[in-house]
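[1] My questions are about this predicted structure, shown below with the sequence.
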Amino acid sequence: MGSTTEQIIRLDLPSSIQQVYLLDTIILEILKEMDFDEETSELVSLAVIEAGTNAIKHGNKEDWSKHAHFEFIVHPDKLTVVVQDEGKGFEREEVADPLDPANLLKSSGRGLFLMEACMDSVTYNKSGTIVTMVKHKPLSDKQ
Amino acid sequence: MGSTTEQIIRLDLPSSIQQVYLLDTIILEILKEMDFDEETSELVSLAVIEAGTNAIKHGNKEDWSKHAHFEFIVHPDKLTVVVQDEGKGFEREEVADPLDPANLLKSSGRGLFLMEACMDSVTYNKSGTIVTMVKHKPLSDKQ
Amino acid sequence: MTVDIRKQEGVTILDIEGRIIGSDSLALKNIIDEQVDDAKEGNANILLNLADVRMVDSSGLGIIVASYTAVRKKGGRIALLQPGGNIRSLIVMAKLVTVFDRYEDEGEAIASFYKSNN
Amino acid sequence: MTVDIRKQEGVTILDIEGRIIGSDSLALKNIIDEQVDDAKEGNANILLNLADVRMVDSSGLGIIVASYTAVRKKGGRIALLQPGGNIRSLIVMAKLVTVFDRYEDEGEAIASFYKSNN
Ligand SMILES: Nc1ncnc2c1ncn2[C@@H]1O[C@H](COP(=O)(O)OP(=O)(O)O)[C@@H](O)[C@H]1O
Ligand SMILES: Nc1ncnc2c1ncn2[C@@H]1O[C@H](COP(=O)(O)OP(=O)(O)O)[C@@H](O)[C@H]1O
């Protein structure tokens, strides 16, 4: 029998940067159906776009035959998003801090920082090919 | 290396009829990015909604823990949609004809008929758990 | 899908907006059933305003057909106002052209309930 | 994302609309680069009208930062008109508040190119 407390939506996208539009459309619709408010939805959709872009660009090197895998786990009170790529992974600690004055004017390097700022929690698996992000519904929301 | 002629998008939805809205959003976005004209898009989205509804309702009996699987295979000149459920299947030949005068005023039974009317081709696997639908871009479209 | 209900000259008008897909058909069925239940015997006069409906799936079409039967049983009539989007072609494809009376003008649609019926 | 280009009193105004996500940042980069290339030395004056932009991702923000650098190299200035949506907060979070001059009024923004620069 189906669990009554969570629903899992899975999505595999070919690793083309164009697919970010589809990802954007999907995450916004999921957030709408979950009754997330608009402001929180903007934060979550940004984090999902950043994670998806990293999987497509850095993980899968835009090889269309490789897929970026998304799992959206819809709970009554929170959304968990798991993004996995088919690449070599990376070490979170080795990524430069975009807020370091030396990096402020760089044209890249802000994605992970924004994901962590927008979500309640962001965790990476050891090899760096899976990122798991959680966002709770604001308490003021109707449940 | 990635093939340059087709991209495959996969989607697994929990078997709740609510998910038809997400399916609708996704297929419309795929059709938009493929540059299908509006009229053809309405036909294809209807067929996909019908196939998805059947997988969720008839195949998986709205058991949330079972998933309806979608594969959208994007070619330059056509879209192939494969819908699979985790149910017992059915026999296409045994389904009543909704255009039979005896069935005209029935409140259901028009889904398969509409899928076949809207797409260029609709085929079922032997057990009836997989339906494959193809739509070519109209020739007048810019390619 | 959103549905607003108005009454005018003894006709219940349902202004439907959006796409009628997925679970919308069940919601629409409940709304129509309630109106038919509330109507006096012989006076179940329902006008579905479809001007702002862009798309209906087979479940939605099925509910409209079921309403036709329910309304006739109760004594009354159902008519469609400005069926647009894909509804017009669904009705043709499903061979329901002779079943549903369709109008482009609301006044004309309302008046029709007092000509063809009762 | 769509971008319209206007010139006014020696300032190139880019009216950007929609979401700047995914491959949009590369498209935007190409457009800005072209404008900077075309500008006379010392006159790369660019105003990004962001009034109709609802959302920018980190790549989009990165392109705006890169434009800042490119314009300064060429001799010129970049300013932002009505940064709305999430851009305002991205600029704050990324500690770029002191980097970008922002204006709410187009006339004021255009005039600024003749006060603070050259
Ligand atoms: N999924 C991933 N696979 C491999 N490397 C990654 C992945 N995600 C992030 N990285 C590494 O972390 C760096 C920082 O990523 P990010 O903060 O998103 O900024 P940007 O994508 O602009 O470089 C990337 O340049 C890349 O080296
Ligand atoms: N994926 C499926 N799994 C099992 N049975 C199916 C499936 N799709 C269709 N059917 C059967 O075919 C019948 C006709 O389907 P359809 O034409 O879509 O009309 P409706 O869904 O309104 O009954 C269904 O009632 C069901 O018995």
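    Structure's in. What do you need? Residues are numbered from 1 along each chain as shown, chains lettered A, B, ... in the order given. Ligands and ions are numbered 1, 2, ... in the order given.
[2] Only C-alpha atoms from now on, for both contacts and neighbour counts.
    OK.
[3] could you check whether the helix or strand hosting A:F70 is close to chain D?
    According to DSSP states H and E, A:F70 maps onto strand A:67-74. No: Strand A:67-74 lies apart from chain D when judged by C-alpha under 8 Å from any C-alpha of the partner chain; the minimum separation is 14.3 Å.
[4] Show me what that strand is packed against.
    With contacts defined as 3 or more C-alpha pairs under 8 Å, 6 or more residues apart in numbering or on different chains; DSSP states H and E, the packing partners of strand A:67-74 are strand A:7-14, strand A:78-84.
[5] so which of those comes closest to C:I13?
    For these, proximity to C:I13 was assessed by C-alpha to C-alpha; strand A:7-14 is nearest, at 37.3 Å.
[6] is any part of that closest one close to chain B?
    Yes: for strand A:7-14, a contact with chain B is found by C-alpha under 8 Å from any C-alpha, at A:7-14.
[7] ok, back up a step: name the strands paired with the strand holding A:F70 and say parallel or antiparallel.
    Here strand A:67-74 is paired, per DSSP bridges, with strand A:7-14 (antiparallel), strand A:78-84 (antiparallel).
[8] Next, work out how far apart the residue positioned nearest the centre of chain A and B:R10 are.
    With distances taken as C-alpha atoms, centre = their mean, A:V48 lies nearest the centre of chain A, 2.8 Å away. A:V48 is 17 Å from B:R10, where distance means C-alpha to C-alpha, to the nearest Å.
[9] likewise A:K57?
    Taken as C-alpha to C-alpha, the span from A:K57 to B:R10 is 19 Å.
[10] just A:G89 next, same as before
    23 Å.
[11] which bits of chain A sit near ligand 2?
    Taking C-alpha under 6 Å from any ligand atom as the criterion, ligand 2 has no neighbours within chain A.
[12] what pLDDT does the residue of chain A found nearest chain C get?
    Scanning chain A for the residue nearest chain C gives A:E33, at 13.2 Å (criterion: C-alpha to the nearest C-alpha). In this model, A:E33 is scored at 96, pLDDT.
[13] just C:A44 next, same as before
    pLDDT at C:A44 comes out at 94.
[14] For it, give me its contacts.
    C:11, C:35-36, C:71-72, C:74-78 (C-alpha atoms under 8 Å, 6 or more residues apart in numbering or on different chains).
[15] try 7 Å
    Applying C-alpha atoms under 7 Å, 6 or more residues apart in numbering or on different chains, we find C:A44 in contact with C:36, C:71, C:74-77.
[16] tell me the contacts of the residue nearest in space to the middle of chain C?
    In chain C, the centroid-proximal residue (C-alpha atoms, centre = their mean) is C:L48; its distance is 3.3 Å. The contact partners of C:L48, taken as C-alpha under 7 Å, 6+ apart, are C:13-15, C:79-81.
[17] and which of those is nearest chain B?
    C:A79 (15.3 Å).
[18] The closest one is in what secondary structure piece?
    Assigned by DSSP H and E, C:A79 falls in strand C:76-81.
[19] And whatever helix or strand comes next after that strand, what's buried?
    Remark: after strand C:76-81, the chain's next helix or strand is helix C:87-93, criterion DSSP H and E. Neighbour counts over helix C:87-93 (16 or more other C-alpha atoms under 10 Å in any protein chain shown) mark C:87-88, C:90-91 as buried.
[20] Which other helices and strands does helix C:87-93 contact?
    If you count contacts as 3 or more C-alpha pairs under 7 Å, 6 or more residues apart in numbering or on different chains; DSSP states H and E, helix C:87-93 packs onto no helix or strand.
[21] Give me the helices and strands touching the helix or strand following it, please.
    The C-terminal neighbour of helix C:87-93 among helices and strands, as given by DSSP H and E, is strand C:101-103. Applying 3+ C-alpha pairs under 7 Å, 6+ apart, we find strand C:101-103 packed against strand C:76-81.
[22] Output the strand it packs on as CSV, restricted to C-alpha atoms.
    Provided in CSV are the C-alpha atoms of strand C:76-81 (Å, rounded to 0.1, in the frame of the first residue of the first chain):
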residue,chain,number,x,y,z
GLY,C,76,-34.5,19.7,-17.0
ARG,C,77,-31.9,20.5,-19.6
ILE,C,78,-28.2,21.2,-19.9
ALA,C,79,-26.7,23.5,-22.5
LEU,C,80,-23.2,24.7,-23.3
LEU,C,81,-22.2,28.3,-23.7
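[23] tell me the contacts of residue 50?
    You didn't pick a chain, so chain A it is. Contacts of A:E50 (C-alpha under 7 Å, 6+ apart): A:111, A:115.
[24] my question was about chain C
    C:L50 touches C:15-16, C:80-84, counting by C-alpha under 7 Å, 6+ apart.
[25] From C:E104, how far off is the closest residue to it other than its chain neighbours?
    Of all residues not flanking C:L50 in the chain, C:P83 sits nearest, at 5.0 Å (C-alpha to C-alpha, 6 or more residues apart in numbering or on different chains). Going from C:P83 to C:E104 by C-alpha to C-alpha gives 8 Å.
[26] Please apply the same query to C:I46.
    In terms of C-alpha to C-alpha, C:I46 sits 15 Å off from C:E104.
[27] These two: which is more packed in?
    C:I46 (26 against 14; other C-alpha atoms under 10 Å in any protein chain shown).
[28] my guess is the more buried one contacts C:I78, does it?
    Yes: using C-alpha atoms under 7 Å, C:I46 makes contact with C:I78 at a distance of 4.7 Å.
[29] pLDDT weak spots in the chain?
    No chain specified, so I'll use chain A. The model of chain A has pLDDT under 70 over residues A:1-4, A:140-143.
[30] The chain in question should be chain C.
    Checking chain C against pLDDT under 70 turns up C:116-118.
[31] Let me see the backbone angles for C:L48.
    phi -90, psi 110 (degrees, to the nearest 10).
[32] beta partners for it?
    C:L14, C:L80.
[33] Could you tell me how far it is located from C:Y103?
    10 Å.
[34] Need the overlap of contacts for these two.
    Common neighbours of C:L48 and C:Y103 (C-alpha under 7 Å, 6+ apart) are C:80-81.
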